[in-house]
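**Student:** build me a model from this:
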Amino acid sequence: MRLVISFASLFLSVILLQLSSGSVGPLDALSGLSLNFTTAQIGFLGSAHFAGFFIGCWWAPRLMGNVGHSRAFAAFTALGTIGILGHILTDNPYAWAALRIGQGICVAGCYTVIEAWLHAKVTNENRGRATGAYRLADITASLGAQLMISVLPPAHYVSYTLLALLCTAALLPLTLSRLRPPETPKAPRLTPGLAWARSPLAVAGVLVAALSSASFRMVGPIYATGVGLQTGQIALFLASFVAGGALAQYPAGWLADRYDRRWVLIWLSVAAIGSCILTATTTGLPTVGIMLTAALFGLTTFPIFSIAAAHAHDFAASEERIALSAALMFWYAVGAIAAPWIASLLIEWYGPPALFVMIALGHAFLVVFGLIRMQSRRSSDTRTRYIYTPRSSFMVGRLLSNTRERANKKN
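**Tutor:** Just a heads-up that it's a prediction; the model follows:
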């Protein structure tokens, strides 16, 4: 409890930021439908968000170096607030896309500042508990953000004003904290080829994880509307996905730490294909049934990024871990930028089930590629412990690197 209290300002900023940013994506999708945006235009909004996220990841360390942590955080939250409030001034989808780029930069920048602060303040004795509390705060707020959709009327100034207030409020706990700002971290070196060199299967897994998560979060409301769900039910539909992913962390970690991680990735993808087929082909389910299929989808797809990351780190040297984490985040961003727009085009051409058909094909590719990689019979001298890895900023690799090293020493 003392640990949680000492980092309370950081965790409260995370919660407020996640409640704001986590609600914008589904709210934009529902607002776009009410404003008669095309499905492709709604998907483009999601892609624009991840393009901004990628820009923010690399800009944040440089801005922190120039103006300091608190001022950088203030600049990013201001940019996010502008990105949200700007929705009220226009109903042009391409203007919204530009605003979503700014909001994506805000998310990446704020998380970079928070995780840099957290990394500098934790010690080897409390690192595991601190990062665990941080991940719990983040995923709980993410779940709350999906549920907020049920009380936010689409395309309404009150909805966007409320989210802007939450984004601005995230500024207060951190900037008023008595925690002393840490030294500014250097931007991680971008070496995408390092991830491929250490594990081609991990790169494939990260891309498929982005295909699943980014397309569902940004385009899922279109599917839910297409199958007849109301706004409150859509909120539960999205929250069920997050809840399923949260529940999957322990069993997925248990399996990944005891069996060949390539087989775990393969069988998770097989299960994901089954959940996609079930969701895409089953019509007329009651509301509870639809929520269960969403939870099953989250259960089978959410852990894939963390398992792929752990598999890549099995083949990495200690000094490579931060650069490897940054490389994996790069590949995730590439997949996340492309996935929502492609998914929206497929829905526009072939109907709502096309979303899950696309995701199923991605996981089928991962199964085939995994079986091919199994033929290499490659083994590692070290085996890192499974760690749930948030896709929040490139600083998360720095935050978790010592945890992986200590796990290796125990093994």
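
**Student:** who touches the strand or helix carrying Leu79?
**Tutor:** Assigned by DSSP states H and E, Leu79 belongs to helix 69-85. With contact meaning Cβ atoms under 8 Å, 6 or more residues apart in numbering, helix 69-85 is reached by 13, 17, 20-21, 24, 56, 60, 63-64, 67, 99-103, 105-107, 109-110, 113-114, 116-117, 160-161, 163-164, 167-168, 170-171, 174-175, 181-182, 184. Where you see a C-beta, it was placed from the backbone N, CA and C, and this is true even at glycine.

**Student:** selecting buried members of those in ChimeraX, what would you type?
**Tutor:** To isolate the buried ones among the contacts of helix 69-85 in ChimeraX, judged by 16 or more other Cβ atoms under 10 Å, type:
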select :13,17,20,21,24,56,60,63,64,99,100,101,102,103,105,106,107,109,110,113,114,116,117,160,163,164,167,168,170,171,174,181,184
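
**Student:** re the thing from before, pLDDT on the helix holding Leu79, on average?
**Tutor:** Mean pLDDT, computed over helix 69-85, is 91.

**Student:** re earlier: take the contacts of helix 69-85 and keep only those in strands.
**Tutor:** With DSSP state E as the criterion, strands contain none of these.

**Student:** among the contacts of helix 69-85, name the ones in helices.
**Tutor:** Secondary structure assignment by DSSP state H places 13, 17, 20-21, 24, 56, 60, 63-64, 67, 99-103, 105-107, 109-110, 113-114, 116-117, 160-161, 163-164, 167-168, 171, 174-175 of these in helices.

**Student:** quick check on Pro352: phi, psi?
**Tutor:** phi -50, psi -40 (degrees, to the nearest 10).

**Student:** so who does it touch?
**Tutor:** Contacts of Pro352 by Cβ under 8 Å, 6+ apart are Ile222, Tyr223, Gly226, Val227.

**Student:** what of Gly56?
**Tutor:** Phe76, Gly104, Ile105, Cys106, Val107, Ala108, Gly109, Thr112.

**Student:** got a pLDDT number for the closest residue to the first one other than its chain neighbours?
**Tutor:** So that's Phe76. Spatial nearest neighbour of Phe76, excluding adjacent residues (Cβ to Cβ, 6 or more residues apart in numbering): Gly109 at 3.5 Å. Per-residue pLDDT puts Gly109 at 89.

**Student:** do Thr403 as well
**Tutor:** Confidence score, pLDDT, at Thr403: 59.

**Student:** how near is the closest residue to Gly351 other than its chain neighbours to Val219?
**Tutor:** With Cβ to Cβ, 6+ apart as the criterion, Gly351 has its nearest non-adjacent residue at 7.0 Å, and that residue is Gly226. Distance, Gly226 to Val219, by Cβ to Cβ, to the nearest Å: 10 Å.

**Student:** joint contacts of these two?
**Tutor:** Joint contacts of Gly226 and Val219 (Cβ under 8 Å, 6+ apart) are Ile347.
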